[in-house]
Structures are given as C-alpha cells and as structure tokens.
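> Okay, predicted coordinates and the sequence, questions at the end:
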Amino acid sequence: METAELVVETSQGPGRFLLDRAAEPYALLVLGHGAGGGPHAADLELLARELPRHGVSVARFEQPWRTAGRKVASRPAQLDEAWRPAIHQLRQHTGATDRLVFGGRSAGARVACRTANEFGVSGVVGLAFPLHLPGRPEQSRLPELLSPTAPRLVLQGTRDAFGSAAELRTALQEVAATGVRVIDLPGADHGFRTLARAEFTPSDLRRTLVDQVGGFIAAPGIPVGGPRCT
C-alpha cells in the first residue's frame, strides 16, 4: 500500500502527515521528526514500512516549519501548538483504534512526551531522546521524559552526544523512575549511525528498532484506550 499524504491546518501554518496504514490496524503510532531532519529520517521510514505489516498504522508528522521550507526549527512551545490540532485532524481522518501511541526522533520524542497525557496515549516511543545538549549535561530534559503516565520505550545509542544510553539509565535510576525502558543501541550515535565494522551492524540496529517498537506496542502491559499505567 502506498503512503498517503494528509495536509493539516495548525496555528503555525500547514503541516502534513505521511500515513502508512495497516490492513486491519489495532494501533496507530504517530511519529514526530527531529530538529535537524524530517519525516523521511531512516528510522522513521523503517517503522512506517515495517509496522503496518503487523497491524500498526504509522503516521509521520511533518512540522509546519519544515513544510514551509524553513531551515530552522520552531521553538518547543510552537512545536506542541502545531502537534495538538494536527493529532485531532489525524484522528478524525483515521478513525479510532484500540491503541494510540506517540513517538518521535529527538525533538519529536520531546513533543510526544510533553503532550502524551492530554491525548490519553497508550505508550510513548523515544528514538534518540535528547537528554541534554552536547557538553551540557546540567541542562537535563529528563522531566519531559518522566511526565507521561503511560509506559515509555527509549532506544538510545551508546555514543549519543545528547545523552548516551548509560547516561539516560543512570539519570532514571537517580530519581527512581518507573515506567521507562531503555534499549541500548551499541555503538550508535544520535543519528543511529554505527561504527564501521562494528559487531552491532546497521542490519542489527534496524532489526532491533522494528522488534522493540513493535513488541512494545503489542505488549499486554500497554493499556488499551488510554493511560492507565503509572
């Protein structure tokens, strides 16, 4: 099935969804992109291509700043302001599914976390969650990751300059956080690029992404129809 395009209106201007539907969807995964890329990022495209085969429709949202051709991302509050009406329009277009899951890459993961509770999502997926700016660990964004009441899955590279998997796990342990599972991507950086000739290959990374995200969405522990997990 071909990817469909849905243009949506927001207070920040028009945005758009790239929608890959499952034949008989039980879940909808909505993904936001990062500040340095768009909905065609390799990991977002991978999930959009693979998950519909397993009953998960995938909608990749392109923020209005990028739809308009601008090079600099909008501020976080403006990203959220665009995301909210876009989600409402998407749900009107797709209809209801048992499970609504938010997610995204980097800045998109932050938007997903900040807005998860108000939409009653069943889970949140973070791809390269930017725990802090490179070299600025004192400016932590951990509170954003802790804010959703739904279960969270984070796939994090061990070489991520915005916060490695080990850094993220330590930060979570220090506050005794629950409801967050961190999956290490050995040797991967913030863009999920791995070292040449490393034991953990790009093929291993792709398989891990699909298996972990697909399994997370299908897990019995994820509530159906809204956030019931603390």
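Arrived safely.

> where's the residue of the chain positioned farthest from its centre relative to Ser164, distance?
Residue farthest from the centre of the chain, counting by CA atoms, centre = their mean, is Arg197 at 28.0 Å. The gap separating Arg197 from Ser164 is 21 Å, by CB to CB, to the nearest Å. Heads up, the C-betas are built off the backbone N, CA and C, glycines and all.

> would Val101 count as being in a strand?
Yes: counting by DSSP: H, G, I helix; E, B strand; the rest coil, Val101 is located in a strand.

> hey, what's it bridged with?
Under DSSP bridges, the beta-bridge partners of Val101 are Leu29, Gly123.

> how near is it to Leu153?
Distance from Val101 to Leu153, by CB to CB: 9 Å.

> residues bridging contact with these two, i.e. touching both?
123-125 (CB atoms under 8 Å, 6 or more residues apart in numbering).

> Residues contacting the longest helix anywhere in the chain, please?
Secondary structure of the chain per DSSP state H: the longest helix is helix 76-94. By CB under 8 Å, 6+ apart, the residues outside helix 76-94 that reach it are 6, 8-13, 15, 17, 19, 21, 28, 30, 32, 57, 59, 61, 63-65, 73-74, 100, 107, 110-111, 114-115, 118-119.

> rewinding a little: could you check the pLDDT of the residue farthest from the centre of the chain?
On pLDDT, Arg197 comes in at 86.

> just the helices in the protein please.
Counting by DSSP H, the helices of the chain are 42-50, 64-67, 76-94, 107-115, 142-146, 165-174, 202-218.

> most tightly surrounded among those?
Highest mean neighbour count of the helices of the chain: helix 107-115, a mean of 25 (counted as mean count of other CB atoms under 10 Å).
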